[in-house]
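*Asks:* Provided below for reference: sequence and predicted model.
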Amino acid sequence: IIKPIYFTQFPKDLDEIKDVKLKKETFIKIVLPLIVAENEKIIDDREKLKVLTEKKFTSDLEKQWLRQKLLEYKVKKGDLKELIIRMDIIPTSIALAQAAKESGWGTSRFALEGNAMFGQWTWTGQGIEPLFKDKSKKHRVLKFPILRASVKSYINNLNTHKSYKKLREKRSDLRSKKTRIGGLKLSETLDNYAETGKEYTKVIAQIIKENRLADFEPVTLTKSKKVIEINS
């Protein structure tokens, strides 16, 4: 159980920590509460959705909430079965491993300048220009006001984009079998996340194993009403 202490950005001097173990531990302490908080919010929403789908009549407020969630998860035609598949957690181990890989354990320019932990691309013209990108590529890296917004966007991306349909199907299958949703089991479905494909999934699995990130999957937040935000 961990406390809901949320850093709004990475410390600028994180890279100056010479002890690799300490640097990684500091990174995990910053990122873990953000991931757990988003996942717990999704679990609460899942419970609410299950209750609403079993009701014969729903109030106007409940209908409004459903419409909002269908929109948030980009589900068409009011398909509630698809919504329950998409509205689910991303294992903490996967999120930590991808954040570590994409942000250089919180030390990359994108992470420090734009709170961009997961290297998500955008073609809107808004975002951070990569220094060494192919001239034919028009993408930038999405930036965020705070770190938690980056986590929320990343989870929503995996839960809605067609590239991660395999992940959602495998997760749904594990749910139906009442099997734990583990990061290593799902990491092999992330071959569309990077241009390196299957090589990328091997790297993510390796980061999970080497840093024992699966140990963080059962972590929950203390049910404290007090939330602390830290501007580093």
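*Replies:* Everything's here; your move. Only a predicted model underlies this, so the values are computations on that prediction, with no experimental measurement involved.

*Asks:* isn't Ile143 up against Glu129?
*Replies:* That one is not Ile; residue 143 is Lys. No: Lys143 is beyond contact range of Glu129, at 10.7 Å (criterion: Cβ atoms under 8 Å). (C-beta placed from N, C-alpha, C; glycine too.)

*Asks:* higher neighbour count, the two?
*Replies:* Lys143 (18 against 8; other Cβ atoms under 10 Å).

*Asks:* what about the more buried one, distance to Ile42?
*Replies:* With distances taken as Cβ to Cβ, to the nearest Å, Lys143 is found 23 Å from Ile42.

*Asks:* also Glu54?
*Replies:* Taken as Cβ to Cβ, the spacing of Glu54 relative to Ile42 amounts to 19 Å.

*Asks:* who's more crowded, those two?
*Replies:* Using other Cβ under 10 Å as the criterion, Glu54 and Ile42 rank with Ile42 on top: 19 against 7.

*Asks:* list phi and psi for that one.
*Replies:* phi -70, psi -40 (degrees, to the nearest 10).

*Asks:* can you get me a residue count around the residue nearest to Thr160 when sequence neighbours are not counted?
*Replies:* Once flanking residues are discounted, Thr160 sits nearest to Lys74: 4.4 Å by Cβ to Cβ, 6 or more residues apart in numbering. A count of nearby residues for Lys74, using other Cβ under 10 Å, gives 14.

*Asks:* what about Lys74, is that helix, strand or coil?
*Replies:* Reducing the assignment at Lys74 to three states with DSSP: H, G, I helix; E, B strand; the rest coil gives coil.

*Asks:* what's the spacing between the most centrally placed residue in the chain and Ser108?
*Replies:* Averaging the C-alpha coordinates of the chain gives a centre point, and the residue nearest to it by Cα atoms, centre = their mean is Ile155 (3.5 Å). Noted for Ile155: a distance of 20 Å to Ser108, by Cβ to Cβ.

*Asks:* gap between the residue nearest to Thr160 and Lys3?
*Replies:* Separation of Lys74 from Lys3 (Cβ to Cβ) stands at 33 Å.

*Asks:* any idea which helix or strand carries Leu49?
*Replies:* Remark: Leu49 resides in helix 20-53, with elements defined by DSSP states H and E.

*Asks:* quick one: the strands in this protein?
*Replies:* Using DSSP state E, the strands assigned to the chain run over residues 5-7, 121-122, 140-141, 228-230.

*Asks:* output those strands in JSON lines; the columns should cover distance to Ser176, mean pLDDT and mean neighbour count.
*Replies:* Written out in JSON lines, the entries for the strands of the chain read as follows (distance: least, Cβ to Cβ, whole Å; pLDDT from 0 to 100; neighbours: other Cβ atoms under 10 Å):
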{"stretch": "strand 5-7", "distance to Ser176": "33", "mean pLDDT": "94", "mean neighbour count": "18"}
{"stretch": "strand 121-122", "distance to Ser176": "33", "mean pLDDT": "70", "mean neighbour count": "14"}
{"stretch": "strand 140-141", "distance to Ser176": "36", "mean pLDDT": "78", "mean neighbour count": "21"}
{"stretch": "strand 228-230", "distance to Ser176": "38", "mean pLDDT": "79", "mean neighbour count": "11"}
